[in-house]
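Q: quick one: sequence plus predicted model below, questions after.
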Amino acid sequence: GDVIVEPLIRTTISDDRGEEPRYVGYAASELCEKGYGIEDVLALLWNKKLPSREESEIIKRIVMISADHGPAVSGAFGAILGACAGIDMPQAVSAGMTMIGPRFGGAVTNAGKYFAYGVKEFPNDIPGFLSWMKQNVGPVPGIGHRVKSLKNPDKRVKYLVDYVKNHTSLHMPILDYALEVEKVTTSKKDNLILNVDGTIGCILVDLDFPEQSLNGFFVLARTIGMIGHWIDQNTQNARLIRLYDYLINYAVKDEREVPEKK
Ligand code: ACO
Ligand code: LMR
């Protein structure tokens with residue numbers, strides 16, 4: 001008789017049993033032929049639907065604008081350290097990737113989640129939202145930047161906000177709320193701006209992307225930059241990095257004799 005085998009995994013996004021991979025049913029080559037781009041493919045694989053033209057223009061801009069931020073930031077610096085230690089590309093890039101977390105680049109998911117929560121639970125009470133966040137979460141994900149501030153605005157954020165609000169017809173209630181939150185936080189301290197993680201998190205929730213997908217946008221985009229840094233260091237034959245003593249504050253005990261072991 002028939003042997004019934006329990007499947008080991010269940011997938012709902014892609015299928016390679018035909019002539020070529022199908023993403024949520026659509027053949028990859030047909031997507032190419034019909035003029036779709038990488039932004040449409042990621043929307044299919046992460047949100048299981050094709051975005052509208054306006055939506056895909058926003059997704060493309062999010063990826064372009066987050067692709068790199070120079071060598072000084074945690075992710076690129078991690079990848080560069082790896083490259084200079086002679087580590088292969090995937091490992092050096094994953095060293096940089098490891099830095100993506102709650103303080104750097106990995107606040108997109110929680111920014112989207114908590115600003116959406118604010119819209120639902122504290123629609124007309126931003127001080128109430130901020131004190132709930134302080135008590136229950138800690139620093140508001142998506143708010144704050146080490147170097148960007150009201151006096152030194154983040155051009156990426158300004159560009160994206162202007163683009164979605166003035167060059168599309170889409171409604172952005174979560175982003176609007178976060179911009180109101182920013183008015184209150186920057187009145188306390190001028191670097192408590194809506195940062196790039198916060199901006200893209202809100203826009204993507206407004207575009208109906210699932211919460212679990214949001215950090216993926218920074219991870220995907222910044223992979224482009226980290227690969228670039230690895231190639232750059234390797235083509236220059238960069239040497240091993242070792243920190244100079246003057247970059248380290250040695251807050252240690254004075255040299256002393258080891259006592260006899262009792
Ligand atoms: N919400 C509330 N208060 C904050 C926040 C925040 N998001 N960020 C900083 N503060 C407050 C701190 O509590 C501190 O207050 P105090 O002086 O009264 O103690 C003050 O601002 C300075 O805080 P630091 O941690 O020293 O600020 P720093 O410049 O080191 O931090 C950082 C920058 C890590 C981005 C911080 O603002 C933060 O954790 N933000 C939330 C996470 C986030 O959105 N990260 C993504 C950044 S964008 C990117 O990585 C691409
Ligand atoms: C980035 O996009 O990497 C930056 O916003 C982070 C930083 O600290 O400048």
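A: Sure thing, it's come through. Ligands and ions are numbered 1, 2, ... in the order given.

Q: P51: how many residues sit nearby?
A: 21 (other C-beta atoms under 10 Å). C-betas here are computed from N, CA, C, even on glycine.

Q: got the residues of the chain near ligand 1?
A: 102-105, 107, 139-146, 189, 192, 195-198 (C-beta under 6 Å from any ligand atom).

Q: cross-check those against ligand 2 and keep the overlap.
A: Restricting the residues of the chain next to ligand 1 to those near ligand 2 by C-beta under 6 Å from any ligand atom leaves 146, 196.

Q: buried ones only from the residues of the chain next to ligand 1, please, as a PyMOL command.
A: Those of those that count as buried under 16 or more other C-beta atoms under 10 Å are selected in PyMOL with:
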select buried, resi 104+105+107+140+141+142+143+144+145+192+195+196+197+198
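
Q: so which of the residues of the chain next to ligand 1 are in helices?
A: 196-198 (DSSP state H).

Q: touching, A116 and L175? I think so.
A: No: under the criterion of C-beta atoms under 8 Å, A116 is not in contact with L175, lying 10.7 Å apart.

Q: for the protein, which helix is longest?
A: What stands out as the longest helix in the chain, according to DSSP H, is helix 214-235.

Q: mean confidence score for the strand or helix carrying M133?
A: Secondary structure from DSSP states H and E places M133 in helix 126-136. Averaged over helix 126-136, pLDDT sits at 98.

Q: over to stretch 250-262?
A: 97.

Q: what helix or strand does V157 sit in?
A: Counting by DSSP H and E, V157 is part of helix 155-166.

Q: residues of that helix that come out buried?
A: Buried, per 16+ other C-beta under 10 Å, within helix 155-166: 156-157, 160-161, 163-164.

Q: let me know the closest of these to ligand 2.
A: R156 (7.6 Å; C-beta to the nearest ligand atom).

Q: the closest one: what's it in contact with?
A: 65-66, 196, 199 (C-beta atoms under 8 Å, 6 or more residues apart in numbering).

Q: reformat the residues you listed as JSON lines; add pLDDT.
A: Below are those laid out as JSON lines (pLDDT from 0 to 100):
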{"residue": "I65", "pLDDT": "98"}
{"residue": "S66", "pLDDT": "98"}
{"residue": "V196", "pLDDT": "98"}
{"residue": "T199", "pLDDT": "98"}
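
Q: on that earlier part again, between the ones in helices among the residues of the chain next to ligand 1, which is nearest ligand 2?
A: Nearest member of those to ligand 2, counting by C-beta to the nearest ligand atom, is V196, at 5.4 Å.

Q: give me the nearest residue to the closest one, chain neighbours excluded.
A: R156 (5.3 Å; C-beta to C-beta, 6 or more residues apart in numbering).
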